[in-house]
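A.B. asks: pasted the sequence and its predicted model underneath.
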Amino acid sequence: MTGDFRLEVLGAQHKRTRFTCGVAALDEYFRTQATQDARRRASACYVAVQHETNAVAGYYTLAAASVPLTDLPESLSKRLPRYPSVPVARVGRLAIDLSFQGRKLGGALLADAALRALRSEVAVFALVVDAKDDAAVAFYRHHGFETYGGQPKQLIVPLASFAGAA
């Protein structure tokens, strides 16, 4: 994370009403649903907060999931045990406020999600995402993700890709 920001678990002190990333569904989720999902333990939400202003610059959600072993590319599945499914961590949403875009904050949040998954006491093999659009697909591909499961917007990256940063 760059020096201008700190990363925190979403809490009541974070002002969410002004957050605007340019994708209405991501804005609405953050404003109305993120705290409920966290309270229900459906996902955890982490926010990047600018030190100077305390503005929420970005957020992501992280949850446990699994994917069928048969959905993985052979390059990934050949090294895994033959269990029916593979444990993964799902980045459900990732968004950067328009006023903070272009500062590589999205990549920093993605790296933080990977490091949290690596440090977890619950074993997970990879990060997965369901990209919202082609721009999101390009973002995740830039960070080493590849498609899986036959859907062009379903993407996966082994956590081993981030192990050196841990």
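C.D. replies: Good, I have the coordinates. Residues are numbered from 1 along each chain as shown.

A.B. asks: so how far is residue 72 from the residue lying farthest from the centre of the chain?
C.D. replies: Outermost residue of the chain with respect to the C-alpha centroid, by C-alpha atoms, centre = their mean, is residue 82; its distance is 26.6 Å. As defined by C-beta to C-beta, to the nearest Å, residue 82 lies at a distance of 12 Å from residue 72. Glycine gets a C-beta too; all of them are placed from N, C-alpha and C.

A.B. asks: how many neighbours does residue 17 have?
C.D. replies: Neighbourhood size, residue 17 [other C-beta atoms under 10 Å]: 9.

A.B. asks: ditto for residue 32
C.D. replies: For residue 32, the neighbour count with other C-beta under 10 Å is 10.

A.B. asks: pretty sure residue 18 contacts residue 55?
C.D. replies: Yes. Look at residue 18 against residue 55 with C-beta atoms under 8 Å: they come within range, at 7.5 Å.

A.B. asks: just want to know which of the two has more residues nearby.
C.D. replies: Just comparing residue 18 and residue 55: by other C-beta under 10 Å the higher neighbour count belongs to residue 55, 18 against 11.

A.B. asks: surely that one touches residue 48?
C.D. replies: No. At 9.6 Å, residue 55 does not count as touching residue 48 under the criterion of C-beta under 8 Å.

A.B. asks: which secondary element of this structure has the worst mean pLDDT?
C.D. replies: Taking mean pLDDT, DSSP states H and E as the measure, helix 74-77 is the helix or strand of the chain with the lowest mean score, a mean of 91.

A.B. asks: residues contacting that one, please?
C.D. replies: 69-70, 86, 126, 148, 156, 158 (C-beta atoms under 8 Å, 6 or more residues apart in numbering).

A.B. asks: of all these, which two lie farthest apart?
C.D. replies: 70 and 158 (16.9 Å; C-beta to C-beta).

A.B. asks: so between those two, which is more surrounded?
C.D. replies: residue 158 (20 against 10).

A.B. asks: what sits against the more buried one?
C.D. replies: Going by C-beta under 8 Å, 6+ apart, residue 158 touches 76, 125-126.

A.B. asks: just the mean pLDDT for stretch 141-158, thanks.
C.D. replies: When pLDDT is averaged along stretch 141-158, the result is 94.

A.B. asks: now do the end-to-end distance for that stretch.
C.D. replies: One end of stretch 141-158 to the other measures 13 Å (C-alpha to C-alpha, to the nearest Å).
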